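Q: Fold the following.
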Amino acid sequence: KENNTYIITPVFTNKIAYVNWYIKLDGIENKYLPYLGMIVGMLGKLNTKNYTYEQLSTYIDKNIGGIEYHIQAIANVDQKKDYTPVFYVQTKALMDSIKEQVGILREVIQNTLFEDEARVLEVIKEIKSLLEMTISGEGHRIAFGRLLAHLSKPDAFEEQTKGLSFYHFVCDIEKNWSSKKNGVIEDLKTAYSYLANKKRLVVGLTVDNELVDSAVDVIAKEVNKLNNEEVLNSHKEFESSTIQEALVYPGNVNYVAMGYNFTHLGYSYNGSLLMLKSILSMDYLWNKVRVQNGAYGCFCDFRRSGNMFMVSYRDPNIKKTMDIYKQTVQYIENLNLNDRELLQYLIGTISSLDFPYTPSTEGKTAQVYYFVGITKEELQKARDELFSTTNETLRSFAPLVKECMEKDMYCVFGNTNSIEEVKDIFKEITRVQ
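A: Predicted structure coming up:
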C-alpha cells in the first residue's frame, strides 16, 4: 500500500491486532550497529517529544497489550544472497485501540530524545546489568555465538549488536562516560535517525480477515508521517576466519563449542539433518558428554545457513569434550537403528516442528519466512527428506561432520583454572569481565 510492503496473516485473533514493524538496516555504517543494539534497550525508557518516559509507560500500559524491541540478522536460504539485518518492534492491542497502538509505535520510533545525559547513562547501566545476567546464565550461547560469528555474516552482525563484543562495547562506554558521553549521544542520535524511514519499513499484520482493510488504513496514516529518504544498498564483505578462543569468566564450569559451516565445504542442507541432530543430542552426546564426562548437558545443531556446532554446558572438562566431538564421526559411520528406533527419533524430531501456533506466532513465522525467502515447497522438501530418512541417509552425513570437525574451530567459555590447564590449544584468550 502506497509503496510500502505489508505482510498480512488473516487469521482469527478475536479482534486483537498484532502489528510488527521491521526496519531494514541496509546501508548503515558498521560503527553505528552497536549503537542500534543499545537503542533496543533504550526505547520506551527515554523521554519523547510528546511524553516523559513515565507518561509513555503509563500510556502503553493503558492502551496496548505490550511493545517489544529487537534487533536481528535474518539469513536468506539462498546463500548467494545477503542476509537482512532488521530492527523490529512487536506490538499488540485490541482493534478498538489500533490508532493508539500504531501512534505510540511511531512516537517511539521517530520522536525519542537523547538529551538527558543522566537518564541515558542510567539506561546504559541497566543494559549492562541485563547483559551480565544473560552472560552468567547462558554461557553456552555466548560460546557458540562467538564461534558462529567467525563463520557467517548474520552471526557476525548479531555478535556486534547483542553478543559478547557488544557487551564489551557497552562496558567501555559506561566506564568512560564522562569523557565519551558527547560523542556517544551524537552517535546514538545518528543511529536512531535511520529508524524513522518509510523506505526501510516492512509492516507485519496479523488480524481477523474482515478487519484487515481497516487496520491497514490506520497503519498507513502513521507510516506516511515517517521520513521518506533513499536507502543506499551496500554489500558488506565478509570472510570466515579461524577461531580457537577461550573466554575467561569467573565461574566453576565450562561451555565448550565446536563447529563449522558445511556449505563452505560444498555440502547443502538436507531435512534428514534434523533427525541426525536428535540422535546425536539425545544419544551420543548425552551419554558421552553428560553421563560419562560429567557435564550438565550437551547438544548439536545443523542449520539451513550451513552452520553446524556441538556445545556442552556446565562442563567440568574442555579437552575431553573436544575429543568426544571429534569422535562423533565413528558413531555416525556405525549407525544401524532398527525400524522402531528410527520411528521414535522421527516422532521426537517432528514434535519440534509441528505444534499448535497462536495467532501471534503464526503471523510472526510468516513474516520471518518472507525475509528468509523460503517457500512452502522448500519446507515440504525438507519434511519429505526427514520422513524418508534411513540408516544409509544418516551414515552419508559422516563425511560432512568429519570435515567440519577437522577444521578444528572452537570457542570455550570457561573458568580460569580449566583454561589454564589447556591454554596451549588456544590462539586467543579473552577475559569476559
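Q: residue contacts, residue 282?
A: Residue 282 makes contact with 345, 348 under the criterion C-beta atoms under 8 Å, 6 or more residues apart in numbering. All C-beta atoms are positioned from the backbone trio N, CA, C, and that covers glycine.
Q: Could you tell me the phi and psi values at it?
A: Note on residue 282: its backbone torsions stand at phi -90, psi -20 [degrees, to the nearest 10].
Q: how close does it get to residue 270?
A: Distance check for residue 282 against residue 270: by C-beta to C-beta, to the nearest Å, it reads 19 Å.
Q: try residue 431
A: Distance, residue 431 to residue 270, by C-beta to C-beta: 40 Å.
Q: When the two are compared, which one has more neighbours?
A: Counting neighbours by other C-beta atoms under 10 Å for residue 431 and for residue 270 shows that residue 270 has the greater number, 19 against 11.
Q: what pLDDT does the nearest residue to the more buried one once chain neighbours are set aside get?
A: Once its chain neighbours are removed from consideration, residue 270 has its nearest residue in residue 385; the separation is 5.4 Å (C-beta to C-beta, 6 or more residues apart in numbering). At residue 385, the model reports a pLDDT of 96.
Q: and the helix or strand containing residue 385, which residues are buried?
A: When secondary structure is defined by DSSP states H and E, residue 385 falls within helix 376-387. Along helix 376-387, the positions that meet the burial threshold by neighbour count (16 or more other C-beta atoms under 10 Å) are 378, 382, 385, 386.
Q: downstream neighbour of that helix in the secondary structure list?
A: Sequence order places helix 391-395 as the next helix or strand after helix 376-387, per DSSP H and E.
Q: Packing partners of that following helix?
A: helix 273-279, helix 328-333 (3 or more C-beta pairs under 8 Å, 6 or more residues apart in numbering; DSSP states H and E).
Q: Contacts made by the longest one with the rest, please.
A: Contact partners of helix 273-279, identified using C-beta under 8 Å, 6+ apart, comprise 299-302, 332, 335, 337, 345-346, 348-349, 352-353, 382, 386, 389, 394, 397.
Q: Okay, and which of the residues you listed map to strands?
A: By the criterion of DSSP state E, membership of the contacts of helix 273-279 in strands covers 299, 300, 301, 302.
Q: farthest pair in these?
A: 299 and 302 (11.3 Å; C-beta to C-beta).
Q: Settle it for me: which of these two has more neighbours?
A: Just comparing residue 299 and residue 302: by other C-beta under 10 Å the higher neighbour count belongs to residue 302, 24 against 19.
Q: out of everything not next to it in sequence, what's closest to the more buried one?
A: Closest residue to residue 302 apart from its sequence neighbours, by C-beta to C-beta, 6+ apart: residue 273 at 3.9 Å.
Q: returning to that earlier point: may I see the ones in strands among the contacts of helix 273-279 arranged in JSON lines, with distance to residue 250 and pLDDT as well?
A: Output for the ones in strands among the contacts of helix 273-279, formatted as JSON lines (distance: C-beta to C-beta, whole Å; pLDDT from 0 to 100):
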{"residue": "299", "distance to residue 250": "25", "pLDDT": "96"}
{"residue": "300", "distance to residue 250": "28", "pLDDT": "97"}
{"residue": "301", "distance to residue 250": "28", "pLDDT": "97"}
{"residue": "302", "distance to residue 250": "33", "pLDDT": "97"}
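Q: elements contacting the helix or strand containing residue 217?
A: Residue 217 is part of helix 212-223 when elements are defined by DSSP H and E. Counting contacts by 3+ C-beta pairs under 8 Å, 6+ apart, the secondary-structure elements packed against helix 212-223 are strand 5-10, strand 16-24, helix 98-111, strand 201-207.
Q: Quick one: residues in contact with the helix or strand hosting residue 62.
A: Per DSSP H and E: residue 62 is located in helix 53-63. The contact list for helix 53-63 (C-beta under 8 Å, 6+ apart) reads 44-48, 51, 66-67, 93, 97, 100-101, 104, 107-108, 119.
Q: The same query, at a cut-off of 7 Å, please.
A: 44, 45, 46, 47, 48, 51, 67, 93, 97, 100, 104 (C-beta atoms under 7 Å, 6 or more residues apart in numbering).
Q: again, but for stretch 14-31
A: Taking C-beta under 7 Å, 6+ apart as the rule, stretch 14-31 contacts 36, 84-95, 98, 101-102, 105, 194-195, 200-208, 211, 215, 219, 231-234, 359-360, 363-364, 367.
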